[in-house]
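Student: just the structure for this:
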Amino acid sequence: RSNDFPCLTKTQQQDQGSDVVTNFLNVDRLLRKQTFNMMQFMLLFSRQGKLRLQKWYAAYPDKTKKKVVRELVTLVLSRKPKMCSFLEWKESKVVYKRYASLYFCCAIEPDDNELLTLEIIHRYVELLDKYFGSVCELDIIFNFEKAFFMLDEFMLGGEVQQ
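Tutor: Below is the predicted model:
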């Protein structure tokens, strides 16, 4: 270990080694922040606008939650199928995807990656498919506890678990 920094004294070598570790940890934190999305909430709703499942990772009052759900459901349902699945909405980005008769809608931070969020949605749908066979809206309605539990296992605090 003393050969790593031959021109430094023993104390300077120890300080240099701890700086390297600190710098590595800072870079690791930076990469994790860029890789994982911090989701604010996830909504599942039908083509008729019925909310089937909601998970909030940021604290909002109930009145605000209802307003957000109403606005986003209306906004997403009014868009044409060929339109982009990314929206700038208030101070965040909204990413949504339709699978069969369900819309999966997520709000993320403005600097987060939209494509990673689409991948997260897709992975969640794959989990649901694996558990329910071919997942449909009725599976979510009658087994929302299981769907909610799988979402909790898949995501913790708005970030994907490893």
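
Student: which stretches in the protein count as helices?
Tutor: 10-35, 62-77, 114-132, 137-142, 144-154 (DSSP state H).

Student: tell me the centre residue of the protein?
Tutor: residue 39 (4.0 Å; Cα atoms, centre = their mean).

Student: can you tell me which of the helices of the chain the model trusts least?
Tutor: Ranked on mean pLDDT, the bottom entry among the helices of the chain is helix 10-35, at a mean of 49.

Student: next, the distance between the ends of stretch 80-87.
Tutor: End-to-end distance of stretch 80-87 (Cα to Cα, to the nearest Å): 13 Å.

Student: show me what counts as buried in stretch 144-153.
Tutor: 147, 150-151 (16 or more other Cβ atoms under 10 Å). All C-beta spots, glycine's among them, are computed from the backbone N, C-alpha and C.

Student: export those residues as TSV, with columns for distance to residue 90.
Tutor: Compiled in TSV, the buried residues of stretch 144-153 are given as follows (distance: Cβ to Cβ, whole Å):
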residue	distance to residue 90
147	27
150	29
151	23
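
Student: just the closest of those residues to residue 136, please.
Tutor: residue 147 (11.6 Å; Cβ to Cβ).

Student: circling back: partners of the residue nearest to the centre of the chain in the sheet?
Tutor: residue 108 (DSSP bridges).

Student: what do you get for the one 4 residues further on?
Tutor: As for beta bridges, residue 43 partners with residue 54, residue 105 under DSSP bridges.

Student: okay, residue 134: pLDDT?
Tutor: 88.

Student: contacting residues around residue 122?
Tutor: residue 97 (Cβ atoms under 8 Å, 6 or more residues apart in numbering).

Student: I should have written residue 131 there, sorry.
Tutor: When contacts are counted by Cβ under 8 Å, 6+ apart, residue 131 touches 146, 150.

Student: kindly report the same for the one 10 residues further on.
Tutor: By Cβ under 8 Å, 6+ apart, the contact list for residue 141 reads residue 52.

Student: gap between it and residue 74?
Tutor: 21 Å (Cβ to Cβ, to the nearest Å).

Student: can you pull the buried residues of stretch 88-100?
Tutor: 92-97, 99.
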